[in-house]
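Participant: with the sequence up front, the predicted model follows.
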Amino acid sequence: MRILHTSDWHLGRSFHREGMLGHQAAFVDHLLSVVEQEEVDVVLVAGDVYDRALPQVDAVRLASEALARLAASRAKVVLTSGNHDSAQRLGFGSELIDAAGVFIRTDLSTVGRPVVLEDEHGPVAFYGLPYLDPDTVKEAWQLPTRSHQAALTEAMARVGADHEARGGRAVALAHAFVTGAEPSDSERDISVGGVSMVPASVFSRMTYAALGHLHGRQTITDTAAGSVRYSGSPLAYSFSEEHHVKGSWLVDLDATGIAAAEFVEAPVPRRLARLRGDLETLLTDPTLAAHEDHWVQVTLTDAVRPVQAMERLRRRFPHTLVLTFESTLPVVGAVAAAGARPRRDHDLVREFLKELRGSEPSAPELALLDEAVDACCEDPEVDTLDTSVSSASSASSAAGDGEFVEVLF
């Protein structure tokens, strides 16, 4: 049996405000091409089909088209919900959709009940685990503790009980953060009490564990007895994924276990680059020409912040999406060292303007700044005794005519 393992489509997601739906549609085209060319029997989608619980209309349309095309292909599909999906919405009509060979598993009640598919060597049981929210699972399954490890351990215990009765080859789909894996910046934090990881050993009885949630391809364990892998997302969703190779795992099962596994690369719509340096170097360095058609994140190191930096960068790198500044100047308003003389408000305002513009204020500007600061400060010539008397008079007036109020100073 030939399996294609994918996950984390995040349909409807944008990349720093750049729409990705067209690129996601191109990945679906690629996926169908791989299914036909590689004679794939089963496509596994391990969660996060959508990027949000209430996906946009165009994202729902693309998901519907993708599943319809897969249903019409040679392959069966087993799909589970991730932490970005609404399990109820994604799982709507799943009993009817099963008849088309697309098995959507989003309900806790189905955990431990596999989709059983046959090849020339006999049955293979596919156990689709929806994303296991610790709060929901603790209450539904009456668990003693609230954690991802407790939830996934209980789920795999149910899977294990069924598998022990059936025997043979078994494949699990799960959406989780497994110990030993490396995250990127684009995944949503699922930690509970600071803990989000679960041990890979919970999948020890499985021939193959198809994982989702982390966006980089990874092999956690790989033995003749079984393998635990992340396919990663099909597209890059953060600049931390600059060097990721995106795609899907193509896995062959023989009579006893995994016969082969290879990674099938997905098309790259636009590569990523993170550039750092002063503006003049970035605009003139010929070695950076290869990045001119990339999506670019730039960190400028100029001591003086350049004027119209983004506009100038985009003349050479038109797809610059993120610009940050890394200044070597001291932070304005930073806490003074012990024993140092505190700085006046006037000095802080001058430093701020210098930091912002990269040059000293002119004499007329300094005079105007000082005047503005003085206007915001308390008058040093105000008589504090007058203030107290005024307060006492106000208190007396507030008491009402003819009523004596004693004020103690």
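Facilitator: Yep, that arrived.
Participant: which other helices and strands does the helix or strand that contains Arg229 contact?
Facilitator: Arg229 belongs to strand 227-230 when assigned by DSSP states H and E. Judged by 3 or more C-beta pairs under 8 Å, 6 or more residues apart in numbering; DSSP states H and E, the packing partners of strand 227-230 are strand 208-212, strand 218-222, strand 258-265. Just so you know, the C-beta spots here come from the backbone N, C-alpha and C atoms, and that holds for glycine as well.
Participant: what pairs with that strand, parallel or antiparallel?
Facilitator: Next to strand 227-230 in the sheet, as set by DSSP bridges, lie strand 208-212 (parallel), strand 218-222 (antiparallel).
Participant: okay, now the unreliable bits of this protein?
Facilitator: Within the chain, the stretches with pLDDT under 70 are 189-195, 224, 327-343, 356-358, 377-409.
Participant: what separation do you get for Leu348 and Leu366?
Facilitator: 13 Å (C-beta to C-beta, to the nearest Å).
Participant: which parts of the chain are helices?
Facilitator: Counting by DSSP state H, the segments of the chain that form helices are 21-37, 57-71, 87-90, 94-97, 134-141, 148-166, 279-284, 309-316, 345-357, 363-376, 384-399.
Participant: which among the ones you listed is found nearest to Ala259?
Facilitator: The minimum distance between Ala259 and those falls on helix 21-37, with 18.1 Å, by C-beta to C-beta.
Participant: in stretch 156-167, what's buried?
Facilitator: Neighbour-count burial for stretch 156-167, counted by 16 or more other C-beta atoms under 10 Å, picks out 156, 158-160, 163.
Participant: let me fix that: stretch 214-224
Facilitator: For stretch 214-224, by 16+ other C-beta under 10 Å, it's 214-218, 220-221.
Participant: quick one: closest of the strands paired with strand 227-230 to Ser240.
Facilitator: That would be strand 218-222 among the strands paired with strand 227-230, by C-beta to C-beta, at 14.4 Å.
Participant: gap between that closest one and the chain center?
Facilitator: 21 Å (C-alpha atoms, centre = their mean, to the nearest Å).
Participant: report the inter-axis angle for that strand versus strand 258-265.
Facilitator: Between strand 218-222 and strand 258-265, the angle comes out at 170 degrees (axes from the mean of the first three to the mean of the last three C-alpha atoms, to 10 degrees).
Participant: which residues touch strand 218-222?
Facilitator: 178, 180-182, 200, 203, 211, 227-230, 232, 261 (C-beta atoms under 8 Å, 6 or more residues apart in numbering).
Participant: got the CA positions of it in PDB?
Facilitator: Taking Å, rounded to 0.1, in the frame of the first residue of the first chain, the C-alpha atoms of strand 218-222 are listed here in PDB:
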ATOM      1  CA  GLN A 218      10.900  15.800  10.500                       C
ATOM      2  CA  THR A 219      11.500  12.200  11.200                       C
ATOM      3  CA  ILE A 220      11.200  11.500  15.000                       C
ATOM      4  CA  THR A 221      11.700   7.800  14.900                       C
ATOM      5  CA  ASP A 222      12.500   5.500  12.000                       C
END
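Participant: looking at the buried residues of stretch 156-167, which is nearest Arg2?
Facilitator: Distances from Arg2 to these, taken by C-beta to C-beta, are shortest for His163, at 21.3 Å.
Participant: correct me, but the closest one touches Val124?
Facilitator: No. With contact defined as C-beta atoms under 8 Å, His163 does not count as touching Val124 (11.1 Å).
Participant: much appreciated, bye for now.
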